[in-house]
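1. Sequence and predicted structure below; questions after.
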Amino acid sequence: MAILITGGTGFIGVGLAHKLVARGEDVVLFDIAPRMERVADIRDGVKVVRGDLTIWPEVMNAIKDNNVTGIFHLGSMLSGPSEDNPWAAFQTNLTGTMHVLEAARLFEVGRFVFPSSIGTFGLNTGQTVTDETIQRPITFYGAGKLYVELLGRFYRRKFGLDFRCLRYPIVIGPGIKTRFSLHYSSLMIEYAALGRPYECTLAEDVVTPNLYVKDAIRAVETLYYAPREKIKTVCYNVSGVSPAGPARELEAAVKKLIPEARISYRPDPADMAYFQEYFRGIRIFDDRRAREEWGWQPHYTNYEKVAADFISEVKTRPEFYDLV
């Protein structure tokens, strides 16, 4: 019996793989472009399968051949690339997910965890978003995530698949590969830790709900192992730094640790317009259902905690994050 992680050597998947190996699980990592250096220290504890979510036989074989009993479906195209190439994103994020869900049904996989996104909210959200807020996404990425939330609920009702889902805000962490403007939080800390200047293309008063990557990993792990009877809401918001502070607050936290950090702002009109459409002033990503039902509690609850650990990771493990 094994647990499959799609996107297994990616931003969140590789950290989750380390957690599961430490638990003694048999772990299979499914990835279109495996980054083997990221699992070198646990190589004996994982099986890496190179595969493409859009090719159904590859997905089916990975699940059948490895007697998979649980799935973390993390593989996807992210928000920026999805906006640039919605046609490819449809194949990966929607068709690919349907392949994984169907394989889970046919081979009677016991549990299926899917990370959705704050991007499923959009029009007229207000400053506080709860699990009951109407989801009207404005991006292709958000629309795809919402589709999978609803498809997963259908598979749960129709076929008895133990589908459970959480929604991430913007996840902060080292080594993020997309340089999309929405990820300014990660880039601001990373550049400072590397001694590089960072020019933010958004204004210093922009606000984004954030979750540190270590909490993001712990959230999917905690949700997976929660008893089935506790999963009532099924799709949950999870939050870290809440209420979210403006970019200049994160800058101040960074400069407490690295006073010489060079951070500046030159708002780009196109980036600002996209940002304002995407977040619509959200400051509080309410996760009370996750806290009440399966005991979710973030560890990194302010920018000082996030920046301190982030900077330590960059300085002590730059090769792990491909920063050398």
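-> Okay, I see it.
2. phi, psi of the nearest residue to Leu182 once chain neighbours are set aside?
-> Among residues not flanking Leu182 along the chain, Ile170 sits closest, at 6.1 Å (Cβ to Cβ, 6 or more residues apart in numbering). To be clear about C-beta, it is placed using only N, CA and C from the backbone, and glycine gets the same treatment. According to degrees, to the nearest 10, the main-chain angles of Ile170 amount to phi -70, psi 120.
3. Could you pull out the buried residues of the helix or strand containing Ala290?
-> Element membership for Ala290, per DSSP states H and E: helix 288-294. For helix 288-294, the neighbour count (16 or more other Cβ atoms under 10 Å) marks Arg289, Ala290, Glu293, Trp294 as buried.
4. likewise stretch 297-309?
-> Across stretch 297-309, burial judged by 16+ other Cβ under 10 Å covers Pro298, Tyr300, Tyr303, Glu304, Lys305, Val306, Ala307, Ala308, Asp309.
5. And the average pLDDT for the helix holding Ala290 is what?
-> If you average the pLDDT over helix 288-294, you get 98.
6. what's the helix or strand following it in contact with?
-> For helix 288-294, the succeeding helix or strand toward the C-terminus, using DSSP H and E, is helix 303-316. Outside helix 303-316, the residues within contact range by Cβ atoms under 8 Å, 6 or more residues apart in numbering are 172-174, 186, 189-190, 192-194, 210, 212, 214, 240-241, 245, 249-250, 252-254, 256-258, 299-300, 320-321, 323.
7. cool, stretch 139-146 as well?
-> So stretch 139-146 is contacted by 76-79, 82-83, 86, 89-90, 93-94, 116-117, 119-122, 135, 137, 167, 278 (Cβ under 8 Å, 6+ apart).
8. buried subset of those residues?
-> Taking 16+ other Cβ under 10 Å as the criterion, what is buried in those is 76-79, 82-83, 86, 89-90, 93-94, 116-117, 119-122, 135, 137, 167, 278.
9. circling back to that earlier point, in helices, which of the contacts of stretch 139-146 fall?
-> Ser79, Ser82, Glu83, Pro86, Ala89, Tyr278 (DSSP state H).
10. gap between the third one and Glu277?
-> By that I understand Glu83. Between Glu83 and Glu277 the computed distance is 11 Å (Cβ to Cβ, to the nearest Å).
11. about what we covered before: just put the buried residues of helix 288-294 in JSON lines and tack on distance to Val314.
-> Listed next are the buried residues of helix 288-294 as JSON lines, based on distance: Cβ to Cβ, whole Å:
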{"residue": "Arg289", "distance to Val314": "34"}
{"residue": "Ala290", "distance to Val314": "29"}
{"residue": "Glu293", "distance to Val314": "35"}
{"residue": "Trp294", "distance to Val314": "31"}
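12. Mind checking which of the contacts of helix 303-316 are buried?
-> By 16+ other Cβ under 10 Å, these give 172-174, 186, 189-190, 192-193, 210, 212, 214, 240-241, 245, 249-250, 253-254, 257, 300, 320-321 as buried.
13. Help me confirm that Phe285 comes into contact with Pro169.
-> Yes: applying Cβ atoms under 8 Å as the test, Phe285 and Pro169 come out as touching, 5.0 Å apart.
14. Unless I misread the structure, Gly281 falls within a strand.
-> No: Gly281 is assigned coil when assessed by DSSP: H, G, I helix; E, B strand; the rest coil, not a strand.
15. Quick one: the helices in the stretch 1-150 of the chain, in order.
-> Secondary structure of the stretch 1-150 of the chain by DSSP state H, counting those that start in this stretch: the helices cover 13-22, 56-65, 79-84, 86-89, 96-106, 140-159.
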